[in-house]
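S.K.: when you get a sec, could you give me coordinates for this:
(one chain, ligands or ions: 1)
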Amino acid sequence: MAKDLPKVLVLGPPTCFSTFESLYSHKFNFLNPKPSGLSLQQFILSHNHNPSTIPAIFCSAAYSITTDVLNLLPSLSLVVTSSVGTDHIDLNECRRRGIQVAGAGGVFSEDVADVAVALLIAVMRKVTVANRYVRTRRERSDPWDFPLGYKLSGKRVGIVGLGSIGMEVAKRLESFDCIISYNSKHQKTSISYPFYSNVIDLATSSDALVVCCALNNQTRHIVNKDVLLALGKEGFIVNVGRGGLIDEKQLIKCLMEGEIAGAGLDVFENEPHVDEKLFAMDNVVLSPHSAAFTVESTTSLCELVAGNLEAFFLNKPLISPVMLVE
Ligand SMILES: O=CC(=O)O
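M.R.: The predicted model follows:
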């Protein structure tokens, strides 16, 4: 009987949730407020769920796990998020309350890196403009008036955040003979790429920046106006991390004024809202925060989430814990 199974509250159901539910509803009793249209508080009250019997949350990056949410759930001991990013979770408060947190670990790294490189090629070589050009003109005009793009091979690429995604980006770009350097919270002793402790210096020494670090108080607007100006008029930027890593107002201004050459963006500062000024720009390629999601990564994610929930309910160590230290 579902009511005898361990309860898992599902918040902002992750895109994989319907698959996940069909695979694992024999193991967990999923409580999903979304279809009811009720607020979390109303849901808990109206369904007579004793909040003290809810030990675990499964959430997506679209749902903020704030102190207010945690206050509604006095027995909460686990938050599992379907994302790599944890900026939607009040980690300090979780630490204070002894709540464990598990994330998506490395399941998305290759897919996100693939899209980072795809966006870089697309914006530098004008792939989306070319696509529209052919569809609207149907044949090559004479004289040929398609604008020239920039070569990626051999370019200097600065990676902001050399974690598991950043390393996959570097690996891919090495096969394009790109010259890699990076900025990270700390220099990595095992990595021979040049390290820049200052993102402005990294931008000055790069033809393109790929931003893939975590968003937190230290990294918000890590790419600001000064970084964009240092990247320069022939510089490109790709963001597959979080929108808040770049000062989007300044980015749009720099794109409009030709202070940088172009941008490939999978993430936006005020998601799900996307600033419409970006839609009119030919030097911008957009993607709907979908870099992580493939058929394969979704399957791996479902297995990982189930593994974390099972481990938790068996009092075993989590498979992909998020470190709750500052
Ligand atoms: O954006 C996706 C993630 O954080 O997993």
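S.K.: close to the ligand: what parts of the stretch 151-300 of the chain are there?
M.R.: Within the stretch 151-300 of the chain, the residues that sit near the ligand (C-beta under 6 Å from any ligand atom) are Ala292. To be clear about C-beta, it is placed using only N, CA and C from the backbone, and glycine gets the same treatment.
S.K.: who touches Thr298 in this structure?
M.R.: Applying C-beta atoms under 8 Å, 6 or more residues apart in numbering to Thr298 gives the contacts Thr15, Cys16, Thr19.
S.K.: give me the buried entries from those residues.
M.R.: Buried subset of the contacts of Thr298 (neighbour count, 16 or more other C-beta atoms under 10 Å): Cys16.
S.K.: so what does the residue positioned nearest the centre of the chain look like in phi/psi?
M.R.: Residue closest to the average C-alpha location in the chain (C-alpha atoms, centre = their mean): Gly241, at 4.4 Å. Per-residue torsions, Gly241: phi -90, psi -100 (degrees, to the nearest 10).
S.K.: got the confidence number for it?
M.R.: The per-residue pLDDT reported for Gly241 equals 98.
S.K.: show me what contacts it?
M.R.: Gly85, Val160, Gly161, Ile165, Val211, Cys212, Cys213, Ala214, Leu215, Val267.
S.K.: pretty sure the second one is touching Val240, no?
M.R.: Looking back up the chat, that one is Val160. No - using C-beta atoms under 8 Å, Val160 makes no contact with Val240, being 10.5 Å away.
S.K.: who touches both of these two?
M.R.: Applying C-beta under 8 Å, 6+ apart, one finds that Val160 and Val240 are jointly contacted by Val210, Val211, Cys212.
S.K.: so which of the residues you listed is the closest to the ligand?
M.R.: The shortest approach to the ligand among these belongs to Cys212, at 10.2 Å (C-beta to the nearest ligand atom).
S.K.: ok, that closest one touching Phe108?
M.R.: No - under the criterion of C-beta under 8 Å, Cys212 makes no contact with Phe108, lying 10.9 Å away.
S.K.: ok, the two, which is more surrounded?
M.R.: Neighbour totals were compared for Cys212 and Phe108, and Cys212 leads with 29 against 26 (other C-beta atoms under 10 Å).
S.K.: chain center to the lowest-mean-pLDDT helix or strand in the chain: distance?
M.R.: The least trusted helix or strand in the chain, going by mean pLDDT, DSSP states H and E, turns out to be helix 40-46, with a mean of 88. Put simply, helix 40-46 sits 30 Å off its chain's centre (C-alpha atoms, centre = their mean, to the nearest Å).
S.K.: one more: stretch 26-42?
M.R.: The chain centroid and the centroid of stretch 26-42 are separated by 25 Å under C-alpha atoms, centre = their mean.
S.K.: give me the residues contacting it.
M.R.: Stretch 26-42 is contacted by residues 2-13, 17, 21, 43, 46-47, 49, 54, 58, 69, 72, 306, 309-310 when judged by C-beta under 8 Å, 6+ apart.
S.K.: give me the ChimeraX select line for those residues, limited to the buried ones.
M.R.: Remark: buried members of these, expressed as a ChimeraX selection using 16+ other C-beta under 10 Å:
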select :7,8,9,10,11,12,13,17,21,43,49,54,58,69,72,306,309
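S.K.: any shared contact partners between Cys212 and Phe108?
M.R.: Common neighbours of Cys212 and Phe108 are listed as Ile165 (criterion: C-beta under 8 Å, 6+ apart).
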